[in-house]
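*Asks:* Got a predicted model here, sequence first, then my questions.
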Amino acid sequence: MRAAHDGTVTTLSGWVSRRRDHGGIIFIDLRDRSGYVQVVLNPEHLSSADYQTAERLRSEWCIELTGTVRLRPEGSENPALPTGEVEVMVEGLTVLNQSLTPPFYITDDVDADESLRLRYRYLDLRRPKMQDNLRLRHQAVKYIRDYLDGHGFLEIETPILIKSTPEGARDYLVPSRTHPGNFYALPQSPQQLKQLLMVSGVERYFQIARCFRDEDLRADRQPEFTQLDLEMSFVEEEDVLGLIEGLYAGLVRELTPQFNVKTPFLRLSYADAMARFGSDKPDLRYGLEMADVSDLAAETEFRVFHGILDRGGIIKAMAVPGMGGLTGSDMRRMEETAKEFGAAGMSHVRLTGEGTLESLTDDDVSLSPGLRMPVEWVRRLAERAGAQRGDLIVLMAGPARLANQWLAAMRAHLAAQMELADPTVLSFAFVTDFPLFDWDDDAGRWDSAHHPFTAPAAGCEGMLDGNDLSSIPSRAYDLVCNGSELASGSIRIHRRELQEKIFSILGYSPEQIAERFGHILEAFDYGAPPHGGIAPGIDRLVAILAGADSLREVIAFPKTQSGSDLLFGAPSGVDAGQLQDLAIRIVE
């Protein structure tokens, strides 16, 4: 309804969002998926029966009305609404359904507990923001389909009931009634299926795929999720990355032009990302880069540093601009925050005064207790960390993986505290050259850094027979944005002997390899082409575009962090007859 519709007779259906009685004339804000419009129920324009109905209207009643669009009286316009210039003078009214009093207000500023919102999700989804999120998700998926169709891809569905094959997380298992004692698995991803489609000659495949992982949940994890699954034959890394860059840049510019996105996307090696940001999914909207200062730390008499270095650990530093004037109590609070991230502690150097680093004096430097070093050492530390007068230098010590993890957490914390990240910028980057293997201390064996179908870097296959497998680079790559991983992919292995070699390194016996992976190994014997792909997460992409803090805000019917469905009460028990049909007994 707009000013151009003045004088038009219309029929509207929707929900009562707000009701106001102004001395016998009743005003209703009517809401549907397209927004709000003000309607006027005046006893002079309604039958007595319809007016009596109007007096009974309450929040969330579903109604239908017929009336005439008119311009609002001068001075009563509402510029905050697209329909704010007009109202509808009602001439006929029908109640389609009454409503109980909702458990919370259906507004964007709802303050209800999330568990209550999930219990009444069908009401929560009526809120305009949630409607916007669902619309944005639809538009994003439609854009993806149109883009890939224009690049010669076929959308092909793959099975939901498949064989259980280890790919990282635990599988959800589905018992078979017709094959007692046997199980299907819900796919963690269609990884092997899309590779088999490449062997089938499809060449360019995609799917908006439902995936399932039985793992502990967080705000950015769900037991069932949606990803764009994509695979291409006869490609190198740049073919995949170029395609995805065009997809994401175009999608953002068309659907969410309020965001700034720069192309080409930055390329970072895994080693570079870890060295500079302590994370393989860095937020690049701000600096706060890190430096390894282990050699400088070794010059100190600080026993904590020496203990870490003696055990093969590292010491990293990060300069925080303009924070050199923090007090001792400020630093103690910051150290407590570091401990919340898991660190045993944190050291620091504060630089004050004006001028160059060359003019530093003892009076300009404040060090953590236990650090007693001359100004010349502080100057070298500041130069290494990229610090200037007035800056704070944070020092974190520990095993390399943990020191990076703790300092990366402190980096994100300080950036949020200092409001360094521009909320209008989406800073995309590709992280490449991941290691092929990670050592699993708990299992005492090598594990795939991505998954076992990832190819080693060109020319590195001979290193698979060496002792230091951690130094072998892979052909894996990730797409990251603003501190989140949006997509992960790789160039795959397409030759049987190399794939069997990888499985063997991962600890599978020849019998296990044949039983679990025989189908794809056999397929590789029939002229499998070189191929690669990537799997961007739809939920996470839409959450970033919608400015949502949790994936649950962009999924119609999500699970809680404990994996529960509060609307349906799942998971739940089943009756004994169903279990008997499946030849299953519950062990208490």
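*Replies:* Yep, that arrived.

*Asks:* now what about the longest strand anywhere in the chain, what contacts it?
*Replies:* Across the chain, the longest stretch assigned as strand under DSSP state E is strand 9-22. Contacting residues not belonging to strand 9-22 are listed as 1, 26-32, 36-37, 39, 55, 57-69, 88, 96, 99, 106, 126 [CB atoms under 8 Å, 6 or more residues apart in numbering]. Placement of C-beta: from N, CA and C, glycine included.

*Asks:* Counting neighbours, which bits of that strand end up buried?
*Replies:* For strand 9-22, burial by neighbour count (16 or more other CB atoms under 10 Å) applies to 12, 14-17, 19.

*Asks:* just stretch 453-471 next, same as before
*Replies:* Those would be 453-457, 460-461, 463-464, 469, for stretch 453-471 by 16+ other CB under 10 Å.

*Asks:* Quick check: buried residues in stretch 120-140?
*Replies:* 120-121, 123-124, 126-127, 129-131, 133-134, 136-137, 139-140.

*Asks:* For the closest residue to Ile63 other than its chain neighbours, pull up the helix or strand it's in.
*Replies:* Spatial nearest neighbour of Ile63, excluding adjacent residues (CB to CB, 6 or more residues apart in numbering): Val95 at 5.6 Å. In this structure, Val95 sits in strand 86-97 according to DSSP states H and E.

*Asks:* Could you tell me how far that strand lies from the centre of the chain?
*Replies:* Put simply, strand 86-97 sits 43 Å off its chain's centre (CA atoms, centre = their mean, to the nearest Å).

*Asks:* So which residues of the stretch 1-150 of the chain form helices?
*Replies:* Taking DSSP state H, counting those that start in this stretch as the criterion, the stretch 1-150 of the chain carries its helices at 48-56, 114-119, 121-124, 128-150.

*Asks:* likewise the stretch 151-300 of the chain?
*Replies:* When secondary structure is read from DSSP H, counting those that start in this stretch, the stretch 151-300 of the chain shows helices at 191-199, 237-255, 270-277, 294-297.

*Asks:* Please name every helix or strand in contact with the second one.
*Replies:* The reference is to helix 237-255. With contacts defined as 3 or more CB pairs under 8 Å, 6 or more residues apart in numbering; DSSP states H and E, the packing partners of helix 237-255 are helix 128-150, strand 224-233, strand 260-261, strand 428-432, strand 476-481, strand 484-491, strand 531-536, helix 538-546.

*Asks:* Show me which of the ones you listed has the highest average neighbour count.
*Replies:* Of all the helices and strands packed on helix 237-255, strand 476-481 carries the top mean neighbour count, a mean of 25, counting by mean count of other CB atoms under 10 Å.

*Asks:* Adjacent strands (with direction) for that strand?
*Replies:* Applying DSSP bridges to the sheet, strand 476-481 is found paired with strand 428-432 (antiparallel), strand 484-491 (antiparallel).

*Asks:* Kindly export the shortest one (C-alpha atoms) in CSV.
*Replies:* Meaning strand 428-432. Output of strand 428-432 as CSV, limited to C-alpha atoms (Å, rounded to 0.1, in the frame of the first residue of the first chain):
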residue,chain,number,x,y,z
PHE,A,428,37.4,-12.2,2.3
ALA,A,429,40.6,-14.2,1.9
PHE,A,430,41.7,-17.6,0.7
VAL,A,431,44.0,-19.5,3.0
THR,A,432,46.1,-22.0,1.1
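
*Asks:* Low-confidence regions, the stretch 251-400 of the chain specifically.
*Replies:* For the stretch 251-400 of the chain, no stretch is flagged by pLDDT under 70.

*Asks:* give me that answer again for 90
*Replies:* 301, 369-372 (pLDDT under 90).

*Asks:* ok, which stretches of it are strands?
*Replies:* In the stretch 251-400 of the chain, the strands defined using DSSP state E, counting those that start in this stretch lie at 260-261, 266-269, 290-292, 314-320, 347-351, 365-367, 392-398.

*Asks:* so Glu64 touches Thr53, yeah?
*Replies:* No: with contact defined as CB atoms under 8 Å, Glu64 does not reach Thr53; the gap is 11.3 Å.

*Asks:* which non-adjacent residue is nearest Asp362?
*Replies:* With CB to CB, 6+ apart, the residue lying closest to Asp362 is Val375, at 6.0 Å.

*Asks:* wait, isn't that neighbour in contact with Asp363?
*Replies:* No: counting by CB under 8 Å, Val375 does not reach Asp363; the two are 9.7 Å apart.

*Asks:* Give me the more crowded residue out of the two.
*Replies:* The residue with more neighbours, out of Val375 and Asp363, is Val375; 15 against 9, by other CB atoms under 10 Å.

*Asks:* if I pick Glu301, what's in contact with it?
*Replies:* Applying CB under 8 Å, 6+ apart to Glu301 gives the contacts Arg372.

*Asks:* Over to Ile25?
*Replies:* Counting by CB under 8 Å, 6+ apart, the residues that Ile25 touches are 40-43.

*Asks:* Swap in 7 Å and give it another go.
*Replies:* Contact partners of Ile25, counting by CB atoms under 7 Å, 6 or more residues apart in numbering, are 40, 42.

*Asks:* ok, it to Glu87 distance?
*Replies:* Distance, Ile25 to Glu87, by CB to CB, to the nearest Å: 11 Å.

*Asks:* Common neighbours of these two, please.
*Replies:* Counting by CB under 7 Å, 6+ apart, the shared contacts of Ile25 and Glu87 are Val40.

*Asks:* Let me have the helices and strands packed on helix 237-255 in a markdown table, extended by distance to Ala397.
*Replies:* A markdown table is the format used below for these (distance: least, CB to CB, whole Å):
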| stretch | distance to Ala397 |
| --- | --- |
| helix 128-150 | 43 |
| strand 224-233 | 37 |
| strand 260-261 | 37 |
| strand 428-432 | 25 |
| strand 476-481 | 26 |
| strand 484-491 | 27 |
| strand 531-536 | 36 |
| helix 538-546 | 33 |
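
*Asks:* sorry, back to before: can you tell me which of the buried residues of stretch 453-471 is closest to Tyr477?
*Replies:* Thr454 (9.9 Å; CB to CB).

*Asks:* Let's see the pLDDT reported for the closest one.
*Replies:* Thr454 carries a pLDDT value of 97.

*Asks:* Correct me if wrong: it contacts Ser474.
*Replies:* Yes: Thr454 is within contact range of Ser474, at 5.0 Å (criterion: CB atoms under 7 Å).
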